[in-house]
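Visitor: need the 3D shape of this:
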Amino acid sequence: MKDQDLAMKSADELWALYERIRVILPRKLDAEKHQLERRLVQLTARVENESKARRPYPKVQPKYRNPERPSETWSGRGKQPHWVGAQLKSGTKVDELLIARTH
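Guide: As a prediction, this is how the structure comes out:
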């Protein structure tokens with residue numbers, strides 16, 4: 001409907017049109033909302049099904065050992081433990097912490 005058509009209508013005709021829209025619009029919006037919610041559930045289920053578990057990695061043997069506490073070891077992967085940083089600050093070289101050299 002064009003703006004010119006609406007401008008030509010009487011106040012009673014416009015009021016009747018408003019009343020019809022006021023009844024129809026919430027139903028249409030609810031139907032669209034439900035349709036989008038169903039679609040969201042489908043997409044969420046699809047994403048949950050597609051998410052794969054992380055593949056298992058082999059256990060990495062420790063490569064470095066704390067000379068002050070031999071039970072503390074580090075494989076050389078991941079975040080550097082505090083004891084490694086402390087050893088490096090005190091002047092110890094990383095090669096001196098190798099397990100193969102300490103045994």
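
Visitor: how close does Glu19 get to Arg27?
Guide: According to CB to CB, to the nearest Å, Glu19 and Arg27 sit 14 Å apart. (C-beta placed from N, C-alpha, C; glycine too.)

Visitor: so Gly76 makes contact with Val84?
Guide: No - when contacts are counted by CB atoms under 8 Å, Gly76 is not listed as touching Val84 (9.4 Å).

Visitor: intersection of neighbour lists for these two?
Guide: Common neighbours of Gly76 and Val84, counting by CB atoms under 8 Å, 6 or more residues apart in numbering, are Tyr64.

Visitor: who has more neighbours, those two?
Guide: Neighbour tally, Gly76 and Val84, criterion other CB atoms under 10 Å: the higher count belongs to Val84, 18 against 15.

Visitor: didn't Lys9 look like it was pressed against Tyr18?
Guide: No - the criterion here is CB under 8 Å, and Lys9 misses it with Tyr18 at 10.8 Å.

Visitor: what about those two, which has more around it?
Guide: Lys9 (13 against 10).

Visitor: figure out the helix or strand that Val23 lives in.
Guide: If you go by DSSP states H and E, Val23 is part of helix 11-50.

Visitor: now do the buried residues in that helix.
Guide: With burial defined by 16 or more other CB atoms under 10 Å, not one residue of helix 11-50 is counted as buried.

Visitor: tell me the mean pLDDT for that helix?
Guide: Average pLDDT, helix 11-50: 90.
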